[in-house]
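Novice: starting from these lines, generate the structure:
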Amino acid sequence: MAKLDTLKAALEKALGSRIKSLTQSFDQLTLIVKPDDYLEVARILRDDPTLRFEQLLDLAGVDYSTYGDGAWDGPRYAVVTHLLSLTHNWRLRLRVFAPDDDLPVVPSLVDVWNSVNWYEREAFDFFGILFEGHPDLRRILTDYGFVGHPFRKDFPVSGYVEMRYDPEQKRVIYQPVTIEPREQMPRVIREENYGGLKH
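Specialist: Numbering: from 1, shown residues only. Below you'll find the model as predicted:
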């Protein structure tokens, strides 16, 4: 735990009032900053010799709209970044909330850690979070004609459209979803001598 205390002290000294929240859970620190400070904080985290987070391991979008069964009272979208310092052998979770729920925008970190490029594209694709300054922000996993952002909590499980190959037209076509919602009852198999035991 002394290592986390050392990291916490280094973060407080290097970032000062830019820290909105700094908490510890699961043997890791979570730093929350404001969107206006996000890019500057990222550069300090990378370049400050007492921190030296040289590597960005992951970035993901989060939709908090149903968090805590609707008890969440804050911005809907966040971006969570996981950083690693090879020099000091410690990790940090960096979180920033997009200030506008209707048009979530946060700065891109691609000029700080170029490994974030495809992670930001994925968060855009799945959550609709825009990364200001990203050089090529376009879908990465869904089809170019895909409508909506499938990881948003209000996106229907069955989606809006489905695609299939039409042998008559000899091409892929899009059509409204034809999946009927249904309830399935689990199938229970009862055997008299299951596992060689008599009941």
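Novice: doesn't His149 make contact with Gly128?
Specialist: Yes: Gly128 is within contact range of His149, at 4.0 Å (criterion: CB atoms under 8 Å). The C-beta positions use only the backbone N, C-alpha and C, and glycine is treated the same way.
Novice: which parts of stretch 86-103 are buried?
Specialist: His88, Trp90, Arg91, Leu92, Arg93, Leu94, Arg95, Val96, Phe97, Ala98 (16 or more other CB atoms under 10 Å).
Novice: just those: which are in strands?
Specialist: Members of the buried residues of stretch 86-103 lying in strands (criterion: DSSP state E): Trp90, Arg91, Leu92, Arg93, Leu94, Arg95, Val96, Phe97.
Novice: and which of the residues you listed is nearest to Tyr77?
Specialist: Nearest to Tyr77 among those: Phe97, at 7.0 Å, using CB to CB.
Novice: touching, that closest one and Ala78? I think so.
Specialist: Yes: at 4.8 Å, Phe97 counts as touching Ala78 under the criterion of CB under 8 Å.
Novice: okay, and the nearest residue to Arg76 once chain neighbours are set aside sits in which element?
Specialist: With CB to CB, 6 or more residues apart in numbering as the criterion, Arg76 has its nearest non-adjacent residue at 4.2 Å, and that residue is Asp101. Assigned by DSSP states H and E, Asp101 belongs to no helix or strand.
Novice: give the contact list for Asp101.
Specialist: Neighbouring residues of Asp101 by CB atoms under 8 Å, 6 or more residues apart in numbering: Pro75, Arg76, Tyr77.
Novice: what sits closest to Asp166 if chain neighbours are left out?
Specialist: Closest to Asp166 by CB to CB, 6+ apart is Ile173, at 4.8 Å.
Novice: what helices or strands is the strand or helix carrying that neighbour leaning on?
Specialist: Per DSSP H and E, Ile173 falls inside strand 171-176. Judged by 3 or more CB pairs under 8 Å, 6 or more residues apart in numbering; DSSP states H and E, strand 171-176 is in contact with strand 161-166.
Novice: average pLDDT across the strand it packs on?
Specialist: The average pLDDT within strand 161-166 is 81.
Novice: use 182 as the first number from now on
Specialist: Sure, I'll start counting at 182 from here, so that last one is strand 342-347.
Novice: what lies in contact with that strand?
Specialist: Identification of contacts with strand 342-347 by CB under 8 Å, 6+ apart yields Asp324, Val328, Arg352, Val353, Ile354, Tyr355, Gln356, Pro357, Val358, Thr359, Ile360.
Novice: which of these sit farthest apart?
Specialist: Among those, Arg352 and Ile360 lie farthest apart (CB to CB), at 21.9 Å.
Novice: for this structure, just list every one of the helices.
Specialist: Here the chain has its helices, by DSSP state H, at 183-196, 216-228, 298-308.
Novice: what's the longest one packed up against?
Specialist: Using 3+ CB pairs under 8 Å, 6+ apart as the contact criterion, the secondary-structure elements in contact with helix 183-196 are strand 202-206, strand 209-214, helix 216-228, strand 271-278.
Novice: format the buried residues of stretch 267-284 as JSON lines; extra columns: pLDDT and distance to Glu343.
Specialist: Shown next, in JSON lines, are the buried residues of stretch 267-284 (pLDDT from 0 to 100; distance: CB to CB, whole Å):
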{"residue": "His269", "pLDDT": "96", "distance to Glu343": "49"}
{"residue": "Trp271", "pLDDT": "95", "distance to Glu343": "46"}
{"residue": "Arg272", "pLDDT": "97", "distance to Glu343": "41"}
{"residue": "Leu273", "pLDDT": "98", "distance to Glu343": "41"}
{"residue": "Arg274", "pLDDT": "98", "distance to Glu343": "37"}
{"residue": "Leu275", "pLDDT": "98", "distance to Glu343": "37"}
{"residue": "Arg276", "pLDDT": "98", "distance to Glu343": "35"}
{"residue": "Val277", "pLDDT": "98", "distance to Glu343": "35"}
{"residue": "Phe278", "pLDDT": "98", "distance to Glu343": "34"}
{"residue": "Ala279", "pLDDT": "97", "distance to Glu343": "30"}
